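>>> how does the following fold in three dimensions:
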Amino acid sequence: MARATRFAIACALLLSPLAAFAAPHVSYIFPPGGQRGSTVKVTLSGTDLASLTGFYSTGAGVTAKADPGGSATERTYDVTVAKDAPLGIQQIRFYGKAGLTNARYFDVGQWPEREQTPGSGTPLSVMPPVTVNSRIASTSTRNGVTFPGRAGESLVCEIQGLRILGQIGDSWLKGYLEITDSAGNVLASSDGTPDEYYRWDPVITFTPPKDGEYAAWFRDLNWRGAPMADYRLTIAAMPHAYGIFPLGGRRGTSPTVHFLGANLSHADRPVPVPSDPSDPADRIQVAITTAAGTTNERPFQVSDLADATQKAGNSSLNAAQAVQFPCVVNGRIERDGLRDYYKFTLDKRQRVAIEVWSRRLGTPMDPDVTLYDAAGNAIGDDDDSRGRDSRIERDIAPGTYTVRVRDIDDRGGIAYPYRLFIAPPEPRFSLVCTPDAPALTAGGTVTLAVKVERTDGFDGPVEISVPGLPAGVTAAPLIIAKGQQEGKLTVTAAATAALGPIRLHVRGTGKAGDRELLAEARTSETYNIQGTAYQRDLIGPIVLVSEK
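Predicted coordinates:
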């Protein structure tokens, strides 16, 4: 036997156990969503999928059963969506004896669904309301659907592509959507918005000029394509919230929130803000249901401070609106070029944090904040200390001060609300736990890394716990000491522990003075976009308990 042949066989023998137990990976699923009250046959494409048998979702109302057969690169599941399943995107995983897959996204919709063969060149005829599942499978692909429109009705045409992980090579699917009439004239177009809400996914509110047939055409902005470039196109005379006001509220209150957008008239809803001190979330999701359907969810910020609301006419330093210290102001840059001013008074020297929440809450605003002393001198300015949002923190003497809020590009309008915090800094921390999907054999242990991200002066110890574990699964006590950034969490499963996936609610408690701090860990996965490593937050970790 030749030396090269013997070497190849030896390598194969060494590598075969690794191949047999390689973690399964799902590149994409199709269709990437389903209507409430339906069962959808979903195809998985990826690697090492042959052993998959189970299904796990971080949301409610979605279950699935693996079809028999399939291969290492393709499997099918029957996914059942309950009639009362929450609308929106859930993170789902599949599992088998080789472990849990990476997370994919599955969107629960409210309208009838269709599937379109990509790249056929012939538009698919549909009747709104409808959600069409398709993909930009190859370069130069443009998919179209035709639909009837009535003069004066307000049709929302929305793409979910990037938001459900539609991907082309090492980059995201960046969409271009246009609406044409029966003669091919372009009546409206969108290439998405580079913000944290739509994330390059186009959305168009279209009012047909007359009764007739219209078409929606979708492609990648740069005419790229790939099998992973899945998307969902919804066309419906549905309510769609482009924004809300206010963007948040105080714990334990029920502020009235106004929803702004298509097919929304007098769309106000009281939002009960959670008051449970054991709930560490600083954001919740809000939506409103009308006779025409349920809107998309919008992020809503939660705080412990008293709320104030902007009053008209505070657009100059001399006309600054007086607010009490500490507070959070709900305001809006009403039009292009406008600036908002607020003044507050301190009776003693202290450290003050001035922070704007806007971009993090799904608006296109890029805030800039400036602090002035009583003489009108600028003593602090910031643009991007919190991502695209702004923050100033400094010690200041007793006296009266003014804060100016503006968009860095002097844009404004109903889509430019903000929350302005004027308060002492609140030390806090957050937690990141990795890996996102560890394997744990019955009778064994697994170790996870818990990282503390300390902000705004917090330097104390953090006690880690994992409440709500099922019988037979335990987590060892862990304290991450003062000034330390990371600890190791050990989770153990008894030999009698039930098999299957478990979400670990990894929680940390700490203290800042007399104030108790609480955080629940997130986890993340790293992906590459055009050669740059990015991380996407995930719900978890999800640990899979399996046989030895």
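
>>> what distance do you get for the spatially closest residue to residue 332 that is not a sequence neighbour to residue 294?
Spatial nearest neighbour of residue 332, excluding adjacent residues (C-beta to C-beta, 6 or more residues apart in numbering): residue 417 at 4.3 Å. Yep, even glycine has a C-beta here, placed from its N, CA and C like the rest. Distance of residue 417 to residue 294, computed by C-beta to C-beta, to the nearest Å: 22 Å.

>>> who's more crowded, the two?
Applying other C-beta atoms under 10 Å to residue 417 and residue 294 shows that residue 417 carries more neighbours, namely 25 against 16.

>>> how is this structure partitioned into domains?
Here the domain parsing of the chain from automatic domain parsing is 19-109, 113-238, 241-303, 307-423, 428-546.

>>> got the end-to-end distance for the longest one?
Between the opening and closing residues of domain 113-238 we find a distance of 15 Å, counting by C-alpha to C-alpha, to the nearest Å.

>>> from the chain's centre, how far out does that domain sit?
Relative to its chain's centre, domain 113-238 lies at 21 Å (C-alpha atoms, centre = their mean, to the nearest Å).

>>> and the fourth one, by the same measure?
For domain 307-423, the gap between its own C-alpha mean and the chain's C-alpha mean amounts to 26 Å (C-alpha atoms, centre = their mean).

>>> pull the number of nearby residues for residue 385.
14.

>>> for residue 43, see how far away it is.
Distance, residue 385 to residue 43, using C-beta to C-beta: 45 Å.

>>> can you list the low-confidence ranges for this protein?
Applying pLDDT under 70 to the chain flags residues 1-22, 194, 277-280, 527-535.

>>> show me where it has its helices.
Under the criterion DSSP state H, the chain contains helices at 3-20.

>>> check contacts around the closest residue to residue 499 other than its chain neighbours.
Once flanking residues are discounted, residue 499 sits nearest to residue 545: 5.3 Å by C-beta to C-beta, 6+ apart. Going by C-beta atoms under 8 Å, 6 or more residues apart in numbering, residue 545 touches 440-442, 473, 493, 497-502.

>>> same check on residue 86?
59-61, 108.

>>> let's see if you can find the most crowded of those residues.
The most crowded member of the contacts of residue 86, judged by other C-beta under 10 Å, is residue 108 (22 neighbours).

>>> my guess is that residue meets residue 83, correct?
No - the pair residue 108 / residue 83 is not scored as a contact, 10.7 Å apart, by C-beta atoms under 8 Å.

>>> overlap in contacts of those two?
By C-beta under 8 Å, 6+ apart, residue 108 and residue 83 have these common neighbours: residue 36.

>>> ok, back up a step: measure the residue nearest to residue 499 to residue 346 for me?
With C-beta to C-beta as the criterion, residue 545 and residue 346 are 55 Å apart.

>>> ok, now residue 237?
52 Å.

>>> hmm, back to that, and the furthest pair within the contacts of residue 86?
Greatest spacing in the contacts of residue 86, by C-beta to C-beta: 60 and 108 (9.7 Å).

>>> now do the shared contacts for those two.
Shared contacts of residue 60 and residue 108, defined by C-beta under 8 Å, 6+ apart, comprise 85-86.

>>> what's near enough to touch the closest residue to residue 384 other than its chain neighbours?
Distances taken as C-beta to C-beta, 6+ apart place residue 390 nearest to residue 384, at 6.9 Å, with adjacent residues excluded. With contacts defined as C-beta under 8 Å, 6+ apart, residue 390 is in contact with 355-356, 367-369, 382-384.

>>> recalculate using a threshold of 6 Å.
Residues near residue 390 by C-beta atoms under 6 Å, 6 or more residues apart in numbering: 356, 367, 369, 382-383.

>>> could you dump the contacts of residue 86 to TSV with distance to residue 244?
Converted to TSV, those look like this (distance: C-beta to C-beta, whole Å):
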residue	distance to residue 244
59	22
60	24
61	25
108	21
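
>>> which of the residues you listed fall in strands?
Among the contacts of residue 86, the members falling in strands (DSSP state E) are residue 108.

>>> ramachandran angles for residue 84?
Dihedral pair for residue 84: phi -110, psi 20, per degrees, to the nearest 10.

>>> how many other residues sit next to it?
Residue 84, neighbours per other C-beta under 10 Å, totals 9.

>>> nearest residue to it in space, please, no chain neighbours.
Nearest one to residue 84, counting by C-beta to C-beta, 6+ apart, is residue 61 at 6.1 Å.

>>> right, and that neighbour touches residue 83 too?
No - if you go by C-beta atoms under 6 Å, residue 61 and residue 83 don't touch, sitting 8.2 Å apart.

>>> now, of the contacts of residue 390, which are buried?
Among the contacts of residue 390, the ones that count as buried by 16 or more other C-beta atoms under 10 Å are 356, 367, 369, 382.

>>> and of those, the nearest to residue 141?
For these, the closest approach to residue 141 (C-beta to C-beta) belongs to residue 367, at 38.6 Å.

>>> what sits against the closest residue in space to that closest one that isn't next to it in sequence?
Sequence neighbours aside, residue 356 is the residue nearest to residue 367 in space, at 4.1 Å (criterion: C-beta to C-beta, 6+ apart). By C-beta under 6 Å, 6+ apart, the residues touching residue 356 are 367, 369, 389-390, 418, 420.

>>> in this structure the residue nearest to residue 332 contacts residue 245, no?
Yes - using C-beta under 6 Å, residue 417 is in contact with residue 245, at 5.0 Å.

>>> what's the separation between residue 222 and residue 166?
Taken as C-beta to C-beta, the span from residue 222 to residue 166 is 14 Å.

>>> which one's more surrounded, those two?
Each of residue 222 and residue 166 has its neighbours counted (other C-beta under 10 Å); residue 166 has more, 27 against 11.

>>> and the nearest residue in space to residue 267 that is not next to it in sequence, how far is that from residue 494?
Nearest residue to residue 267, sequence neighbours excluded (C-beta to C-beta, 6+ apart): residue 259, at 4.0 Å. Counting by C-beta to C-beta, the gap from residue 259 to residue 494 is 49 Å.

>>> those two: which has the busier surroundings?
residue 259 (23 against 14).

>>> who is that one paired with across the strands?
Beta-bridge pairing of residue 259 under DSSP bridges involves residue 244.

>>> quick one: residues contacting it.
By C-beta under 6 Å, 6+ apart, the residues touching residue 259 are 241, 244, 267, 288.

>>> was I right to think the first one contacts residue 300?
Looking back up the chat, that one is residue 241. No - counting by C-beta under 6 Å, residue 241 does not reach residue 300; the two are 11.2 Å apart.

>>> hey, what's the residue nearest to residue 189 when sequence neighbours are not counted bridged with?
Distance criterion C-beta to C-beta, 6+ apart; nearest residue to residue 189, sequence neighbours excluded, is residue 178 at 4.0 Å. Listed by DSSP bridges, the beta-bridge partners for residue 178 are residue 189, residue 217.

>>> make sure residue 178 is actually in contact with residue 217.
Yes - here residue 178 lies in contact with residue 217, judged by C-beta under 6 Å, at a distance of 5.2 Å.

>>> ok, now which ones touch residue 287?
Going by C-beta under 6 Å, 6+ apart, residue 287 touches 294-295, 297.

>>> give me that answer again for 10 Å
By C-beta atoms under 10 Å, 6 or more residues apart in numbering, the contact list for residue 287 reads 86-88, 239, 241, 244, 259, 269, 294-298, 300.

>>> residue 147 now?
Counting by C-beta under 10 Å, 6+ apart, residue 147 has contacts 123-130, 132, 155, 157, 179, 208, 213-216, 235.

>>> apply 7 Å and report the result again.
By C-beta atoms under 7 Å, 6 or more residues apart in numbering, residue 147 lies in contact with 126-128, 214, 235.

>>> go on, residue 141?
Counting by C-beta under 7 Å, 6+ apart, residue 141 makes contact with 118-119, 219, 225.

>>> hmm, back to that, go through the contacts of residue 86 and name the one nearest residue 521.
For those, the nearest to residue 521 is residue 59 (18.6 Å; C-beta to C-beta).

>>> returning to what we had before: ok, the residue nearest to residue 84 touching residue 79?
No - assessed by C-beta atoms under 7 Å, residue 61 is found out of contact with residue 79, at 11.0 Å.
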